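Undergrad: My questions concern the predicted model and sequence given below.
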Amino acid sequence: MEKIRYYLAIFRAHSAPSTIIPFVIFYVLSGGNIWTLKFLLFLPLPIMVHWFGFGHNSLMDTARGYDTKDPHKQHHPLVAGLVSLEQAHKVIHTGLLLFVLYGCWYIYRFAVEKVLAALCFVFGYACGHAYNDGLDKATHWKWVPEALTATFMVLAINFINSTTISYVVLVAVLALFMIHAFQIFFEGELKEIEFMHEVNILRTLGSRVATNEEGQKILIISRLAKAFAWAIQIIKTGLIYYLAWLMCIYNIILVTPYMAGMLWLTYKLLKSPRLYDHDKDLDYMAGAEIMAFFGSVMAVANAIGYIESALLCLFSIAWLVGFNKIQWGSGAIGPKV
């Protein structure tokens with residue numbers, strides 16, 4: 001059982017709803033019905049791509065020495081030596097292989113536009129591999145392949161149920177791209193802003209962690225970094241509101257509290273100069289991501305079903321808290337990464 005718990009931590013299993021939610025949204029927007037066997041067989045895909053994709057990221061970052069230099073990750077199973085790199089390679093790459101085989105079978109069995117679904121699936125998988133295999137630490141454009149991974153994967157889902165890309169799906173794709181862009185461009189870089197051995201967008205834009213006279217760490221975010229971060233969040237908010245308006249004007253009411261929460265947490269993250277508290281920032285990041293994904297659910301709630309949308313959000317919170325408890329012995333929302 002301990003080994004299972006270690007692997008769940010490596011897979012970052014707690015945050016799988018961040019993949020499940022967009023997969024469900026695009027499944028429905030492309031014309032799919034969630035009350036079918038086809039949808040039930042679809043559900044392993046977001047779990048597999050999240051677990052083995054993030055597991056692959058953890059594995060490669062540890063193997064290349066990045067995570068071993070991060071004091072915030074010394075408790076992680078791979079860094080702490082609780083799982084060997086050799087064994088992790090076997091498990092994670094076997095998992096990736098199973099994901100590809102299952103995805104190919106599902107597309108062959110159910111996709112109405114098999115060629116385009118398969119092409120998007122391959123491109124998404126290739127972008128994910130490129131990010132994990134080095135681009136996540138080596139380039140300022142790291143956010144592009146990560147965001148494209150999600151983009152191509154949801155487009156593959158679209159072609160499972162549809163032969164075309166509708167205008168609504170296109171707007172939703174752009175919103176999802178901006179969600180992932182912020183996660184990598186700002187949140188991911190803020191977590192690792194102290195580490196000079198990694199390419200860091202925020203540092204390049206003039207942000208840094210300084211030490212005051214009392215020996216406290218002070219986070220200083222440059223005006224340019226703030227401008228880029230706010231631009232992404234404002235565009236994202238506009239796209240989600242526009243999506244809600246396209247789907248059902250009353251969905252705007254449901255979206256508003258989540259967008260307000262996301263923007264407030266963004267303000268907390270971007271406030272500068274301030275004391276740098278890595279763990280508190282993780283809580284802010286987790287909260288902002290939850291608000292963005294829940295807002296997206298509410299933007300299309302009439303398509304998913306209002307009761308089903310509420311249940312999806314409640315399920316996501318239960319999953320997050322439950323897996324955090326299993327992995328780290330904590331029921332908190334904030335990740336331990």
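TA: That came in fine, so what should we check first?
Undergrad: right, and the secondary structure at the residue of the chain positioned farthest from its centre would be what?
TA: Among the C-alpha atoms of the chain, the one most distant from their mean position (C-alpha atoms, centre = their mean) is that of E213, at 37.4 Å. Recorded secondary structure, E213: coil (DSSP: H, G, I helix; E, B strand; the rest coil).
Undergrad: Quick check on it: phi, psi?
TA: phi -60, psi -30 (degrees, to the nearest 10).
Undergrad: Which pLDDT value goes with it?
TA: If you check E213, the pLDDT there is 81.
Undergrad: Then K69?
TA: With respect to pLDDT, K69 scores 81.
Undergrad: Show me where the stretch 201-337 of the chain has its helices.
TA: Secondary structure of the stretch 201-337 of the chain (DSSP state H, counting those that start in this stretch): helices at 201-204, 223-247, 251-270, 278-299, 301-304, 306-328.
Undergrad: One more: the stretch 1-150 of the chain?
TA: 2-10, 17-29, 37-42, 44-63, 77-80, 85-110, 114-130, 136-138, 143-161.
Undergrad: Nearest to L311 among the ones you listed would be which one?
TA: L311 lies closest to helix 17-29 among those, at 11.1 Å (C-beta to C-beta). The C-beta positions use only the backbone N, C-alpha and C, and glycine is treated the same way.
Undergrad: so M259 makes contact with Y241?
TA: Yes. Applying C-beta atoms under 8 Å as the test, M259 and Y241 come out as touching, 7.1 Å apart.
Undergrad: and the helix or strand of the chain with the lowest mean pLDDT, how far out from the chain's middle?
TA: In the chain, no helix or strand scores lower on mean pLDDT, DSSP states H and E than helix 136-138, which sits at a mean of 79. Centroid displacement of helix 136-138 relative to its chain, using C-alpha atoms, centre = their mean, to the nearest Å, is 17 Å.
Undergrad: Who are the packing partners of that helix?
TA: For helix 136-138, the contact count by 3 or more C-beta pairs under 8 Å, 6 or more residues apart in numbering; DSSP states H and E identifies helix 44-63 as packing neighbours.
Undergrad: Okay, buried residues for the helix it packs on please.
TA: Of the residues in helix 44-63, 45-62 count as buried by neighbour count, 16 or more other C-beta atoms under 10 Å.
Undergrad: Equivalent analysis for stretch 313-327, please.
TA: Buried residues in stretch 313-327, counted by 16+ other C-beta under 10 Å: 313, 316, 319-320, 323-324, 326-327.
Undergrad: Let me have these in CSV, extended by distance to V169 and pLDDT.
TA: CSV is the format used below for the buried residues of stretch 313-327 (distance: C-beta to C-beta, whole Å; pLDDT from 0 to 100):
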residue, distance to V169, pLDDT
C313, 21, 96
S316, 22, 95
W319, 26, 94
L320, 27, 90
F323, 30, 90
N324, 32, 86
I326, 35, 85
Q327, 34, 82
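Undergrad: I'd like those as TSV, with distance to H140 appended.
TA: Shown next, in TSV, are the buried residues of stretch 313-327 (distance: C-beta to C-beta, whole Å):
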residue	distance to H140
C313	34
S316	32
W319	33
L320	30
F323	32
N324	31
I326	36
Q327	31
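Undergrad: For M285, which of the helices of the stretch 1-150 of the chain is the nearest?
TA: M285 lies closest to helix 17-29 among those, at 11.4 Å (C-beta to C-beta).
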